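Participant: My questions concern the predicted model and sequence given below.
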Amino acid sequence: MKIATWNVNSLKVRLPHVLDWLAANPVDVLCLQETKMEDKVFPYSELEVAGYRAAHNGQKTYNGVAILARGEMEDVRRDIAGFADEQKRVLAATVDGLRIVCAYMPNGQAVGSDKYDYKLRWLEALAGCLREELQRWPRLALLGDYNIAPEDRDVHDPVAWKDQILCSEPERAAFRRLVDLGLADAFRLFEQPPKIYSWWDYRQMGFRLNRGLRIDHILLAPPLAAACRACTIDKAPRKLERPSDHAPVVAALEIEAA
DNA sequence: ATGGCTTGAGTGTCAAGA
């Protein structure tokens, strides 16, 4: 089976891209971030026509996460247990025996800002919540927009980005704490070409010049990491008219969908 | 250059993203 994640930067604008992408890439699970809509206007019926059930944890204007799946979804949970947060950034569901956790991690704005503090607190709370989820569901995958480039090789210009937001050492340490829960970065399980990114700035021809960052990730618990056969980033949708600034990340698992 | 695009809000222009 295949599982994927994509920050769509407004599902209202990007729904045609999502439907086209699913038609060409019929993954079993697709996690979306930045839907930027309330649950009552979520396009359930359009996705159902495409063969996908959906769960959504949305809000107006900002944030919003969804899980699309061909199979049935059970034990749907919203947000981070025990962490008071008005921002809709987390959604989890069990699909085909896999625990899928979809996360839109805070951007942080600038190192040292209030939003940066929120980002670090949020990441700590997520790690605590995941520790418990992993005990109940060992077959867990954490997919989403992490807003963290884990290493310098995930950054087009590591010197310019050094200690900047998305690349600072406390953020990278928070990423490693997620890995230390036993999760593996699916992309790094394999030999990869250099200069592969998942996000490019809209400005200054960022995409054409491949000035990007790899900030969207799929982390896999041990049973899933052992079953992972490939992890790729699909740049094709980034080349379309009015694209999202993020590209989808896909992991192929040697597990039959139930 | 605290900018450069894009989106959503809402109708002039700003917040937020990364």
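Facilitator: Alright, I've got the coordinates.

Participant: tell me the secondary structure for the closest residue to DNA strand B within the stretch 51-200 of chain A?
Facilitator: Closest to DNA strand B within the stretch 51-200 of chain A is A:N107: 3.4 Å, counting by CB to the nearest atom of the strand. (Glycine included, C-beta is placed from N, CA and C.) Of the three states, A:N107 takes coil according to DSSP: H, G, I helix; E, B strand; the rest coil.

Participant: go on, A:C167?
Facilitator: When classified by three-state DSSP, A:C167 comes out as coil.

Participant: residues near it, how many?
Facilitator: For A:C167, the neighbour count with other CB atoms under 10 Å is 22.

Participant: Hmm, it is touching A:R153, no?
Facilitator: No. Between A:C167 and A:R153 there is no contact under CB atoms under 8 Å: 11.6 Å.

Participant: Which element, helix or strand, includes A:W122?
Facilitator: Assigned by DSSP states H and E, A:W122 belongs to helix A:114-136.

Participant: which other helices and strands contact that helix?
Facilitator: Packing contacts for helix A:114-136, counted by 3 or more CB pairs under 8 Å, 6 or more residues apart in numbering; DSSP states H and E, involve strand A:98-104, strand A:140-145, helix A:169-179.

Participant: As JSON lines, the ones you listed with mean neighbour count would be great.
Facilitator: Formatted as JSON lines, the helices and strands packed on helix A:114-136 follow (neighbours: other CB atoms under 10 Å):
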{"stretch": "strand A:98-104", "mean neighbour count": "25"}
{"stretch": "strand A:140-145", "mean neighbour count": "27"}
{"stretch": "helix A:169-179", "mean neighbour count": "17"}
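
Participant: Give me every residue in the stretch 151-258 of chain A lying close to DNA strand B.
Facilitator: Counting by CB under 7 Å from any atom of the strand, the residues of the stretch 151-258 of chain A close to DNA strand B are A:165-166, A:199, A:201-204, A:213, A:215, A:242, A:245-246.

Participant: Which of those residues fall in strands?
Facilitator: A:199, A:213 (DSSP state E).

Participant: Determine which two of the residues of the stretch 151-258 of chain A next to DNA strand B are furthest apart.
Facilitator: Comparing every pair within those by CB to CB identifies A:I165 and A:R242 as the most remote, at 25.6 Å.

Participant: Quick check: A:E86 is in a helix.
Facilitator: No. Under the criterion used here (three-state DSSP), A:E86 is coil, not part of a helix.

Participant: give me every residue that touches it.
Facilitator: By CB atoms under 8 Å, 6 or more residues apart in numbering, the residues touching A:E86 are A:Q59.

Participant: about what we covered before: can you tell me the element the closest residue to the residue of the stretch 51-200 of chain A closest to DNA strand B other than its chain neighbours falls in?
Facilitator: Nearest non-adjacent residue to A:N107, counting by CB to CB, 6 or more residues apart in numbering: A:N147, 5.1 Å away. Assignment of secondary structure by DSSP H and E places A:N147 within no helix or strand.

Participant: Can you give me the neighbour number for A:N147?
Facilitator: A:N147 - counted by other CB under 10 Å - has 23 other residues nearby.

Participant: again with A:L253
Facilitator: 27.

Participant: One more: A:R229?
Facilitator: 12.

Participant: got the contact list for it?
Facilitator: Contacts of A:R229 (CB under 8 Å, 6+ apart): A:252-254.
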